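Q: Could you look at this predicted model? Sequence included:
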Amino acid sequence: MARFLRPLLRGATYTRLLHLWVPVAAFSVWMWVEPRMPWVPALVLVPVGLIPAVRVGEGVQARYMLTPGEAEPDFSVGPATTWRDRLRTVLWLEARMALGAVTAVATVWLPILSYTAAACAVGPVPGDVPLVAGTEPHWAYALLVPVPLLLLYATVVGLGELATVLARRLLGPSAAERLEALEERTDQLLERTRIARELHDSIGHALTIAVVQAGAARAANSPEFTDRALAAIEETGRAALEDLERVLGVLRETGRPVGGRPTLVDAGRLLESARASGAKVDAELTGPLETLPGPVSREGYRILQEALTNVLRHAGAVPVRVQVRAAAGGLGLDVRNPLPDGRAAPGRGSGLRGIHERAALLGGRAHTGPDDAGDWQVHVELPLG
């Protein structure tokens with residue numbers, strides 16, 4: 001019984017009823033003006049439904065009155081762009097008026113019938129109702145009192161559900177709108193993935209530098225070395241905070257320009273940070289790095305950052321050979337370091353995976369792993385196109 005009466009406790013039942021009553025109000029005004037032509041309102045709805053903006057208004061009404069509380073209702077949010085969408089809007093307007101007329105009749109006459117049955121049960125029989133005129137009062141009429149109320153319940157709930165189903169079909173997004181929404185969702189996911197890589201690279205690099213410097217300072221037990229280590233940790237921390245602010249800015253502001261993100265022109269601070277952590281970095285940067293396309297230069301910086309972070313994290317203070325070559329054909333980046341005895345080579349973690357993803361995103365290729373000499377190598381080639 002409680003499950004049967006549950007729709008009466010839902011707010012959507014009554015907002016749907018109100019939604020169906022609205023067009024009947026306009027129809028009632030017309031019937032008061034010209035009752036001999038009841039078909040005129042239905043005819044007027046045809047040109048009205050062909051107006052592109054009407055689809056937006058109907059979609060908003062359906063979203064808040066037919067499906068209140070739903071997180072992502074499946075209704076169109078833009079004006080009609082094709083004739084098919086306009087015709088679907090016309091069909092919805094006609095269906096809404098028809099369902100509203102049935103609902104209005106039911107909500108008026110079914111309670112009257114229930115009252116009439118109750119009056120016939122207790123007497124006197126209403127004389128102004130032709131259906132029961134001349135009927136003698138009898139207690140058996142009380143058995144008919146719930147019937148119109150049950151029909152009213154079924155009509156209100158059933159027509160509300162039917163209107164919602166029709167609205168989803170007729171006011172739902174078109175194929176073009178669904179494709180546009182899918183592309184937007186894909187862009188959002190790609191942006192989230194890029195932000196996750198940015199955080200991993202910048203914050204991971206800073207934490208690795210801080211851990212290595214702190215460990216080296218404790219092992220050295222030298223005030224001078226400790227001061228240098230603290231200065232390196234401070235500088236790396238400031239740079240990480242700047243990167244974090246840039247990434248958070250992307251989250252706060254849609255369409256934020258990416259020009260403030262570091263590029264290979266700023267590679268010097270990465271090399272100095274690695275040297276301050278004890279690594280012996282031999283770097284060779286050739287070619288016009290400042291003329292590289294923005295995406296190539298930014299992703300190249302992050303790849304170099306992740307490669308140096310992996311060296312410090314997995315190999316420690318070892319000699320590192322860095323080569324960055326910018327040429328007309330593309331950008332080449334090579335980072336090599338020996339693997340100390342007893343240390344495992346880096347696996348296929350998120351950092352190395354991010355290197356391959358960044359290279360693939362720009363149409364390039366990346367190789368990570370030991371070379372013929374037994375050194376660990378990160379080799380990346382990025383096209384400039």
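A: Arrived safely. Residues are numbered from 1 along each chain as shown.

Q: Run through the helices of the stretch 201-350 of the chain in chain order.
A: 223-252, 267-276, 294-310, 350-361 (DSSP state H, counting those that start in this stretch).

Q: Would you format the ones you listed as JSON lines with distance to Glu58 and mean neighbour count included?
A: The C-beta positions use only the backbone N, C-alpha and C, and glycine is treated the same way. Listed next are the helices of the stretch 201-350 of the chain as JSON lines, based on distance: least, Cβ to Cβ, whole Å; neighbours: other Cβ atoms under 10 Å:
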{"stretch": "helix 223-252", "distance to Glu58": "34", "mean neighbour count": "15"}
{"stretch": "helix 267-276", "distance to Glu58": "56", "mean neighbour count": "19"}
{"stretch": "helix 294-310", "distance to Glu58": "42", "mean neighbour count": "23"}
{"stretch": "helix 350-361", "distance to Glu58": "41", "mean neighbour count": "18"}
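
Q: ok, Pro41 - contacts?
A: 26-27, 30, 97 (Cβ atoms under 8 Å, 6 or more residues apart in numbering).

Q: hmm, which two among those are most spread apart?
A: Trp30 and Met97 (11.1 Å; Cβ to Cβ).

Q: So for the two, which residue has more residues nearby?
A: Taking neighbours as other Cβ atoms under 10 Å, Trp30 and Met97 compare with Met97 leading, 19 against 14.

Q: okay, that one: pLDDT?
A: For Met97, the pLDDT comes out at 91.

Q: between the contacts of Pro41, which is closest to Phe4?
A: For those, the nearest to Phe4 is Met97 (29.8 Å; Cβ to Cβ).

Q: The closest one against Ser28, yeah?
A: No. Counting by Cβ atoms under 8 Å, Met97 sits too far from Ser28 to count as a contact (11.5 Å).

Q: Now the helix or strand containing Val105: buried residues?
A: Per DSSP states H and E: Val105 is located in helix 83-122. Neighbour counts over helix 83-122 (16 or more other Cβ atoms under 10 Å) mark 85-86, 88-97, 99-101, 103-104, 106-107, 110, 113-114, 116-117, 119-121 as buried.

Q: Could you check how far Leu285 is from Glu245?
A: 27 Å (Cβ to Cβ, to the nearest Å).

Q: same check, this time on Ala98
A: 58 Å.

Q: cool, and Leu144?
A: Distance from Leu144 to Glu245, by Cβ to Cβ: 74 Å.

Q: likewise Val335?
A: Val335 is 27 Å from Glu245, by Cβ to Cβ.

Q: what about stretch 323-341, distance to the chain center?
A: Distance of stretch 323-341 from its chain centroid, counting by Cα atoms, centre = their mean, to the nearest Å, is 38 Å.

Q: pLDDT value on the nearest residue to Val102 once chain neighbours are set aside, please?
A: Leaving aside its sequence neighbours, Val102 sits nearest to Leu159 (Cβ to Cβ, 6 or more residues apart in numbering; 6.4 Å). In this model, Leu159 is scored at 93, pLDDT.

Q: Leu159: what's it in contact with?
A: So Leu159 contacts 16, 20, 99, 102-103 (Cβ under 8 Å, 6+ apart).

Q: Am I right that it sits in a helix?
A: Yes. With DSSP: H, G, I helix; E, B strand; the rest coil as the criterion, Leu159 is located in a helix.

Q: Same list (the helices of the stretch 201-350 of the chain) but as TSV, adding mean pLDDT.
A: Converted to TSV, the helices of the stretch 201-350 of the chain look like this (pLDDT from 0 to 100):
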stretch	mean pLDDT
helix 223-252	73
helix 267-276	83
helix 294-310	86
helix 350-361	80
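
Q: Tabulate those in a markdown table, adding columns for distance to Pro68.
A: Formatted as a markdown table, the helices of the stretch 201-350 of the chain follow (distance: least, Cβ to Cβ, whole Å):
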| stretch | distance to Pro68 |
| --- | --- |
| helix 223-252 | 30 |
| helix 267-276 | 53 |
| helix 294-310 | 44 |
| helix 350-361 | 41 |
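
Q: Out of those helices, which is closest to Ala206?
A: helix 223-252 (3.4 Å).

Q: now the closest one against helix 267-276, angle please.
A: 140 degrees (axes from the mean of the first three to the mean of the last three Cα atoms, to 10 degrees).

Q: what's the offset of helix 223-252 from the middle of its chain?
A: 32 Å.

Q: rewinding a little: from the contacts of Pro41, pick the one nearest Pro52.
A: Closest to Pro52, out of all of the contacts of Pro41 and judged by Cβ to Cβ, is Met97, at 20.2 Å.

Q: Measure how buried the nearest residue to the closest one once chain neighbours are set aside is and give me the count.
A: Spatial nearest neighbour of Met97, chain neighbours left out: Pro23 (4.6 Å); criterion: Cβ to Cβ, 6+ apart. Other residues lying near Pro23 total 20 when counted by other Cβ under 10 Å.

Q: name the helices or strands packed onto the helix or strand where Pro23 lies?
A: Pro23 belongs to helix 11-33 when elements are defined using DSSP H and E. Contacts defined by 3 or more Cβ pairs under 8 Å, 6 or more residues apart in numbering; DSSP states H and E place helix 11-33 against helix 40-49, helix 83-122, helix 146-170.

Q: roughly how far is the last one from the heart of the chain?
A: This means helix 146-170. On Cα atoms, centre = their mean, the centre of helix 146-170 falls 33 Å from the chain's centre.

Q: between that helix and helix 11-33, what angle do the directions make?
A: 90 degrees.

Q: Equivalent analysis for the longest one, please.
A: Relative orientation of helix 83-122 with respect to helix 11-33: 90 degrees, computed using the same axes, to 10 degrees.
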